[in-house]
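In: Return atomic coordinates for the entry below.
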Amino acid sequence: MNILHLSDIHFGRNNPKYKVAGEFQHKEKILEELLESIGETRCKPEHIVVTGDVAWWGRKQDFDEALVWFKKLLKITNLSGKDITFCPGNHDVNWSYGNANRNMTPENIEMIDEMYQYDKIHEFEAPLYNYEKFCEQLEVAPFHYLKEGQWEASYSIGHKDIVLANGEIIRLVSFNTALLSYVPGYPDDQMMIGQKQVFDLIKYGILGDSSIYFTIALFHHAERFLHTHEICEYNQRKATLPLLRKYVNLILCGHTETGGMPVINQQIGGSEMLTGGAAYYTDDHANAYSIIIVPDSCNGVVQKTIVFDSYIYSEDQGWHINKAKELTNTEAINTKIPKLNIRADLKLVLFNKDQEFTVPIKDISVSDFGVNEKVINNSEDVCRYLDIECIGPTNKPGNAKLSIKTASRKANNVGAFLAREGIFGFIENALRESQLTFKFFDEFGQDFMSGDLSKTDCEIKQEGYDFLKKVRRIEEYYDVLFRRPDDSAQEGRVDVINELIEYGFTKRLNIIQTATIPFSDRNQLLKIGKSRIFHTDVYLYCKNEFRCNLYGCDFSLGEAKVIAGPYRVDRSGNILKALTYQNGDIRRVKLIAKENTECYLVTNEGKINFHNKRKRKNICIRRDNLGIDWGYIYEIKKKKAFKEEKNQSGMVDCLV
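Out: Okay, here's the model as predicted:
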């Protein structure tokens, strides 16, 4: 089998918003030629493995760009989404989506090991939201892992099997070494594989099954970026990487821009570890990719030999083959794993004589539950909000039992809670009238399983529904994810941001009662000083990038303005300050709010009529940074030299 290995393509890295240094003028040309090169390789890819860093900042726009390119790749290779496998990299993590415990330190190994358990890891995967949606759009077949005795699907951890034409199986096992990369201050060379996951994989025979022809482990970070406890044994804790290498035939990873010369090393009594180069880093980098050829049959020979082709890009030669190397690996141990039967998408309809509610369900799996009974659930849908399961007899339509609850992976997700309350609210209201019937329909409109609901133990929390809709609106508008609030303690903040979204401005910030403004021009000081004599009003105008801190997430509100006034100048001898001014001095003037002073935070200045209230004779002081403490909303400090200008209308422009 021919496996195309790509890593670190960094879609979005050249986005001007990210301000990344490097040459990217030929990026599109290089990536188009990469597609051509892959299409012309001497060994046509039969499966594609991408070991992380598909994106640059884990943002939707990065993955949208990647989606277009990967669809072209699948078309050129004549493959589909089921023939491509991803594991996440640190750049696939969206830091705005970090809504779990961020107090991790490399020293607290026990806490990290606990976090990496299969039954807890979903609590920390919110930052991979855009990555998961990307995999879903590409129709990637998910991995599976056992969580509390049930199969759970994932795009980042677990295993999946590739069945060759002769019936032999190549098993791919994925780990998320990028999980800790969203933790502020966590060192980027202390990443974790997940020791307890490896133990579980061995325990359940997923690793060490001699019936599996070839096992490949995938994760993003190369060995030198892993935690020292993952590489070496300390305090009687087994080292994870050497343990894993005893149970697999090959490890594929990335993260290191190796300049077209992938790093290969072997453990005595363990597998080879192949670190691929970046498929695209910059125009002038030696970008690279690889083809790994696994023979379809070892013919009973213990040593399995594979061929490795490396391709490199250079400006003079374009993409060309660089090197071939043979790798050898040992056999695995004999055990068995259970099977999954996958069915197409279904539609769940709940109805009575007056009402109907439809829930589309993706990626339904079907398995035997008992004699003449089947269980269907949507655990294959990695991005699901709800866990929907139905157990029913195969020969008695209408006797099935339905279970609906929030998906464990989305337990703290606002969108999941709203989805849950939507369907539970319907059920509660409908059952007041009469019994409910539910039916699962397949893609051909056939009734696949059905039953009745006469009561439910659903716990409705309708009182928080409207508040969480506001929170979800902020998430969607500003592309962030919060940990679902337990109460509405920050409701005031939520209302401020919703007002900003809906109207383009808000007046809910505190009035700036006093402001001390520095001036470095004699004439402007004199003008400000005279304003006190002639009762001229002063206004403050600040244009800057503003950010917000809400429920532990820090995100940008974009470029906004603060417009505040009117103010009066205090009696502090401002005319004298002007008359005694010497070149190079900075003199400070104190402004004091009046009774009718207003303060606006504005993202759409056309939505307010503030300027109509300000007479032309008044003075407007313009600042890039006011340096005011706004609390949870704050300015991004800009480093600019202090200078003072005069605009055409005679208003004072003070820029810092």
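
In: going forward, measure contacts and count neighbours with C-alpha atoms only.
Out: OK.

In: give me the beta-bridge partners of residue 402?
Out: residue 390 (DSSP bridges).

In: My guess is it contacts residue 390. True?
Out: Yes - in this structure, residue 402 is within contact of residue 390 by CA atoms under 8 Å, at 4.5 Å.

In: So for stretch 412-423, what gets flagged as buried?
Out: For stretch 412-423, burial by neighbour count (16 or more other CA atoms under 10 Å) applies to 412, 413, 414, 415, 416, 417, 418, 420, 421, 423.

In: Name the helix or strand for the last one, please.
Out: Counting by DSSP states H and E, the element that carries residue 423 is helix 414-433.

In: Which strands or helices does that helix pack on?
Out: strand 386-393, strand 401-406, helix 465-478 (3 or more CA pairs under 8 Å, 6 or more residues apart in numbering; DSSP states H and E).

In: 10 Å - rerun?
Out: strand 346-351, strand 356-361, strand 386-393, strand 401-406, strand 436-441, helix 465-478 (3 or more CA pairs under 10 Å, 6 or more residues apart in numbering; DSSP states H and E).

In: could those go into TSV alongside mean pLDDT and distance to residue 47?
Out: Output for the helices and strands packed on helix 414-433, formatted as TSV (pLDDT from 0 to 100; distance: least, CA to CA, whole Å):
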stretch	mean pLDDT	distance to residue 47
strand 346-351	91	28
strand 356-361	91	28
strand 386-393	90	31
strand 401-406	90	34
strand 436-441	90	33
helix 465-478	92	35
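
In: Redo the ones you listed as CSV? Include mean neighbour count.
Out: Converted to CSV, the helices and strands packed on helix 414-433 look like this (neighbours: other CA atoms under 10 Å):
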stretch, mean neighbour count
strand 346-351, 20
strand 356-361, 14
strand 386-393, 20
strand 401-406, 17
strand 436-441, 20
helix 465-478, 16
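
In: Out of the ones you listed, which is closest to residue 62?
Out: helix 465-478 (15.5 Å; CA to CA).

In: Now do the closest one against helix 414-433, angle only.
Out: 150 degrees (axes from the mean of the first three to the mean of the last three CA atoms, to 10 degrees).

In: Can you name the residues in contact with helix 465-478?
Out: 96-97, 413-415, 417-418, 421-422, 479-482, 484-485, 487-488, 491, 493-495, 497-498, 500-501, 550-551, 555-558 (CA atoms under 10 Å, 6 or more residues apart in numbering).

In: now do 7 Å
Out: 414, 415, 418, 481, 494, 498 (CA atoms under 7 Å, 6 or more residues apart in numbering).

In: sec struct for the fifth one, please.
Out: Assigned state for residue 494: helix (three-state reduction, DSSP: H, G, I helix; E, B strand; the rest coil).

In: how close does it sit to residue 480?
Out: 13 Å (CA to CA, to the nearest Å).

In: now swap in the last one and tell me
Out: Spatial separation of residue 498 from residue 480 under the definition CA to CA is 14 Å.

In: okay, these two: which has more neighbours?
Out: residue 480 (23 against 19; other CA atoms under 10 Å).

In: And the pLDDT for that one?
Out: Here, the pLDDT recorded for residue 480 equals 91.

In: tell me which element the residue nearest to residue 120 when sequence neighbours are not counted falls in.
Out: Counting by CA to CA, 6 or more residues apart in numbering, residue 120 lies nearest to residue 114, which is 7.5 Å off, once chain neighbours are set aside. Using DSSP H and E, the element containing residue 114 is helix 109-115.

In: Show me how far the very next helix or strand once past that helix is from its chain's centre.
Out: For helix 109-115, the succeeding helix or strand toward the C-terminus, using DSSP H and E, is helix 129-137. Here helix 129-137 is found 9 Å from its chain centre; the criterion is CA atoms, centre = their mean, to the nearest Å.

In: who touches helix 129-137?
Out: 58, 59, 60, 63, 67, 92, 155, 383.

In: Buried by neighbour count: which residues of that helix qualify?
Out: In helix 129-137, counting by 16+ other CA under 10 Å, buried: 129, 130, 131, 132, 133, 134, 135, 136.

In: got it, and stretch 169-186?
Out: 169-183, 186.

In: Over to stretch 545-558?
Out: For stretch 545-558, using 16+ other CA under 10 Å, the buried residues are 545, 546, 547, 548, 550, 551, 553, 554, 555, 556, 557.

In: got a list of what the first one touches?
Out: Meaning residue 545. Contacts of residue 545 by CA under 7 Å, 6+ apart are 558, 559, 560, 635, 636.

In: Are we agreed that it is in a helix?
Out: No - assigned with three-state DSSP, residue 545 falls outside any helix and is strand.

In: Number of residues surrounding the closest residue to it other than its chain neighbours?
Out: Sequence neighbours aside, residue 559 is the residue nearest to residue 545 in space, at 4.2 Å (criterion: CA to CA, 6+ apart). By other CA under 10 Å, 15 other residues sit near residue 559.

In: now do residue 203
Out: 12.

In: repeat for the one 4 residues further on
Out: Residue 207 is surrounded by 28 other residues when neighbours are defined as other CA under 10 Å.

In: Report pLDDT for it.
Out: 95.

In: Going forward, the N-terminal residue is numbered 39.
Out: Sure thing, new numbering starts at 39, so read that last one as residue 245.

In: What ranges in the stretch 389-538 of the chain fall below the confidence cut-off?
Out: Along the stretch 389-538 of the chain, segments meeting pLDDT under 70 span 493-501.

In: ditto for the stretch 589-694 of the chain
Out: 612, 616-617, 645, 647-655, 676-694.

In: Sketch out the strands for the stretch 139-288 of the chain, chain order is fine.
Out: Here the stretch 139-288 of the chain has its strands, by DSSP state E, counting those that start in this stretch, at 181-185, 188-192, 196-201, 207-212, 252-259, 288-292.

In: circling back to that earlier point, return the member of the contacts of helix 167-175 nearest to residue 610.
Out: Of the contacts of helix 167-175, the one sitting nearest to residue 610 (CA to CA) turns out to be residue 97, at 51.0 Å.

In: for the closest one, what are its contacts?
Out: 132, 168.

In: For residue 223, see how far away it is.
Out: Relative to residue 223, and taking CA to CA, residue 97 is found at 20 Å.

In: now do residue 417
Out: 34 Å.

In: ok, now residue 470?
Out: 53 Å.

In: With residue 172 instead?
Out: 27 Å.

In: Just say helix, strand or coil for the closest residue to residue 318 other than its chain neighbours.
Out: Excluding the flanking residues, the one nearest residue 318 by CA to CA, 6+ apart is residue 47, at 4.6 Å. Under three-state DSSP, the three-state class of residue 47 is coil.

In: Now do the contacts for residue 47.
Out: Residue 47 touches 91, 92, 316, 317, 318, 319, counting by CA under 7 Å, 6+ apart.

In: taking these one by one, which sit in helices?
Out: Among those, no member falls in helices (criterion: DSSP state H).

In: Output those as TSV; include the columns pLDDT and distance to residue 142.
Out: Output for these, formatted as TSV (pLDDT from 0 to 100; distance: CA to CA, whole Å):
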residue	pLDDT	distance to residue 142
91	95	22
92	97	25
316	90	29
317	91	31
318	92	31
319	91	30
